[in-house]
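K.L.:
Generate coordinates for the sequence data below:
(2 chains)
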Protein chains: 2
Amino acid sequence: MKIARFSVDGMEFHGQVDGRLLRVLKGNPFKRIEVTRASYPLEKVRLLPPTRPVNYWGVGENYPKHVNFRVEELGSAIAERAKKFTPWHKGAGSIVASGDPVVVPPDVDWIEYEGELCIVIGRPAFKVSVDAAKDFIFGYTVSNDIGSGPAWFRADFSLWRVKSTDTFGPIGPWIETEIADPHQLDIIVRVDGREEDRGNTRDMIHNCYEIVSNISQYVTLHPGDMITTGAPGLTRALKPGEVVEVEIPEIGILRNPIAASE
Amino acid sequence: MKIARFSVDGMEFHGQVDGRLLRVLKGNPFKRIEVTRASYPLEKVRLLPPTRPVNYWGVGENYPKHVNFRVEELGSAIAERAKKFTPWHKGAGSIVASGDPVVVPPDVDWIEYEGELCIVIGRPAFKVSVDAAKDFIFGYTVSNDIGSGPAWFRADFSLWRVKSTDTFGPIGPWIETEIADPHQLDIIVRVDGREEDRGNTRDMIHNCYEIVSNISQYVTLHPGDMITTGAPGLTRALKPGEVVEVEIPEIGILRNPIAASE
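P.N.:
Residues are numbered from 1 along each chain as shown, chains lettered A, B, ... in the order given. Next up is the predicted model:
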């Protein structure tokens, strides 16, 4: 089932995506839901981020091609990072929905896309094994893990600006709960309709189950928490006026315009 | 006014602290509240963390005495950090209330206290000036910004374990909304009743208004977001069975027992 969060006339709903229709859901998606008879056409609603997490996690450097790209840009310490598995907190304040603008801060060198598969947690997970991890995953969505160019990465001792500036966390358009194998998914990035990058989740260094298990050894993952699992390939600077799409065909298309700061 | 969050019989309330009594509040503390006629004795309730933030921020190395201590432990790069103002995301999942145990993970070198003043945001703050910052602050509470020893700091590329492991974020006991000058407050740390450290917020490198203004240049601060402003002095390893108190006399005492992992 594809489950969206959306607002209409100031009210918030969960809805089942059924073609161009959103069938209103009653209840809590992480507990029990029921499809009602109410529905809205997709084009009449405003999509919201699929969940409001306690923590939004990032896992960088999780594909060999992307690691090599970052080593060339930032130096070989980045390769160590990939080996050691260091997740980080992507500030939940950065989260925006599909359709929302990503704003380029006035003093950044540039911003760049990272199209990624994003795990959505369904049940509290603490010290779960790799084998059991699957049972704690509610579904998957698409993320664009926007980051700044290297200037802030070199200047700061945390990723607070690099990865967590307002609007740097597009997620959506919705959650797909019926992905049989999350490690066989194409990830396609398009800018203004032109394909820029294409990868497949089979190339992950740490797979989704390892990621959930690893984080849960120290920090409880809560229902609605999300983990973006890394970009498969290369990226480039984005300019105001461009529109970025990240597509995972089994899930949907996350689409965000790039805007200048006012 | 001192405003606590607490639970009784599975229900959650806000309450005004009136001696040993909590007077139940109606409404949203960040909008409009009203004191009701209901009340509970403080000793009959379970305190909850004062807010549920979108982001919980840390500001490390914010007092000269603490910077010197960390330089000796971790090297001179830490001093650069203090000059540059790099806040970081303390995972909101780490937050616990006064009274809750802080659990020592089985494979950590050690854990240590950092008794700190914690800012609570009251209104959305984006690109606010230092002069205006005060108007966006709802009040202040006390935090114990628990961290691991240096092993995880050296091993990881983020602070996800060092600062954000489950239970590493005690905050409370409640919010004081009537602090006239947040830069004249004693911070006292006691372990098992013995005073271990004492500092004063007048020695902050970046003061509360600068911190709020600086973060808000890139990331919106939301009502209920909290910022812990750094430890004034030294720290040491804590052992299971000990009880740590952080007191800011104008606010209250945050008290947490240290527990072994099961």
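
K.L.:
Next, the contact list for A:Ile137, please.
P.N.:
A:119-122, A:182, A:208, A:212 (CB atoms under 8 Å, 6 or more residues apart in numbering or on different chains). Heads up, the C-betas are built off the backbone N, CA and C, glycines and all.

K.L.:
Swap in 7 Å and give it another go.
P.N.:
A:119, A:121-122, A:208, A:212 (CB atoms under 7 Å, 6 or more residues apart in numbering or on different chains).

K.L.:
Show me the two of the residues you listed that sit farthest apart.
P.N.:
By the measure CB to CB, A:Gly122 and A:Cys208 form the most distant pair in the contacts of A:Ile137, at 13.1 Å.

K.L.:
Compare these two and say which one has the larger neighbour count.
P.N.:
Using other CB atoms under 10 Å in any protein chain shown as the criterion, A:Gly122 and A:Cys208 rank with A:Cys208 on top: 24 against 21.

K.L.:
The residue lying closest to the more buried one once chain neighbours are set aside: how many residues sit nearby?
P.N.:
Nearest residue to A:Cys208, sequence neighbours excluded (CB to CB, 6 or more residues apart in numbering or on different chains): A:Pro182, at 4.9 Å. Residues near A:Pro182, counting by other CB under 10 Å, number 22.

K.L.:
can you pull out the strands in the stretch 101-250 of chain A?
P.N.:
A:102-104, A:111-112, A:115-121, A:137-144, A:147-148, A:169-176, A:186-191, A:194-200, A:226-228, A:237-238, A:243-248 (DSSP state E, counting those that start in this stretch).

K.L.:
In terms of helices and strands, where is the residue nearest to A:Leu234 when sequence neighbours are not counted?
P.N.:
Leaving aside its chain neighbours, A:Leu234 sits nearest to A:Phe69 (5.2 Å; criterion: CB to CB, 6+ apart). Using DSSP states H and E, A:Phe69 maps to helix A:64-74.

K.L.:
That helix packs against which elements?
P.N.:
helix A:77-84, helix A:150-155 (3 or more CB pairs under 7 Å, 6 or more residues apart in numbering or on different chains; DSSP states H and E).

K.L.:
contacting residues around that helix?
P.N.:
A:61, A:78-79, A:82, A:150, A:153, A:203, A:205, A:230-234.

K.L.:
Pull out the buried positions in it.
P.N.:
A:66-67, A:69-71 (16 or more other CB atoms under 10 Å in any protein chain shown).

K.L.:
how big is the angle separating that helix from helix A:77-84?
P.N.:
150 degrees (axes from the mean of the first three to the mean of the last three CA atoms, to 10 degrees).

K.L.:
dump the residue contacts of A:Glu61.
P.N.:
A:67, A:70, A:78, A:81-82, A:230.

K.L.:
Which single one of those residues is nearest to B:Trp88?
P.N.:
A:Arg81 (16.5 Å).

K.L.:
right, and the helices and strands packed on helix A:64-74 - which one's nearest A:Arg46?
P.N.:
So among those, helix A:150-155 is nearest, using CB to CB, at 30.5 Å.

K.L.:
Just the buried residues of the closest one, please?
P.N.:
A:152-153.

K.L.:
Which secondary structure elements does it sit against?
P.N.:
helix A:64-74.

K.L.:
quick one: the helix it packs on to chain centroid distance?
P.N.:
Relative to its chain's centre, helix A:64-74 lies at 20 Å (CA atoms, centre = their mean, to the nearest Å).

K.L.:
Report the angle between it and strand A:115-121.
P.N.:
Going by the same axes, to 10 degrees, helix A:64-74 makes 110 degrees with strand A:115-121.

K.L.:
Can you tell me the SS state at A:Asp100?
P.N.:
coil (DSSP: H, G, I helix; E, B strand; the rest coil).

K.L.:
what does chain A have sitting close to chain B?
P.N.:
A:54-55, A:81, A:84, A:86-89, A:91-93, A:105, A:155-158, A:160-161, A:164-166, A:218-220, A:222 (CB under 7 Å from any CB of the partner chain).

K.L.:
Sort out for me which of these are in helices.
P.N.:
Using DSSP state H, A:81, A:84, A:155 are the members of the residues of chain A next to chain B that sit in helices.

K.L.:
Tell me which residues touch the first one, please.
P.N.:
Each residue near A:Arg81 by CB under 7 Å, 6+ apart is listed here: A:60-61, B:157.

K.L.:
Tabulate those residues (a markdown table), appending distance to B:Val24 and pLDDT.
P.N.:
Listed next are the contacts of A:Arg81 as a markdown table, based on distance: CB to CB, whole Å; pLDDT from 0 to 100:
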| residue | distance to B:Val24 | pLDDT |
| --- | --- | --- |
| A:Gly60 | 46 | 82 |
| A:Glu61 | 50 | 89 |
| B:Phe157 | 46 | 87 |
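
K.L.:
which ones are touching the nearest residue to A:Ser94 once chain neighbours are set aside?
P.N.:
Among residues not flanking A:Ser94 along the chain, A:Gly169 sits closest, at 3.6 Å (CB to CB, 6+ apart). Contacts for A:Gly169 (CB under 7 Å, 6+ apart) come out as A:56, A:90, A:94-96, A:146.

K.L.:
measure A:Gly169 to chain B for me?
P.N.:
According to CB to the nearest CB, to the nearest Å, A:Gly169 and chain B sit 11 Å apart.

K.L.:
what sits opposite that residue in the beta ladder?
P.N.:
A:Ile95 (DSSP bridges).

K.L.:
From A:Val162, how far off is the nearest residue to A:Phe157 once chain neighbours are set aside?
P.N.:
Once flanking residues are discounted, A:Phe157 sits nearest to B:Thr86: 4.2 Å by CB to CB, 6+ apart. Note on B:Thr86: its distance to A:Val162, by CB to CB, to the nearest Å, is 11 Å.

K.L.:
list residues touching both of the two?
P.N.:
With CB under 7 Å, 6+ apart as the test, B:Thr86 and A:Val162 both reach A:Asp156.
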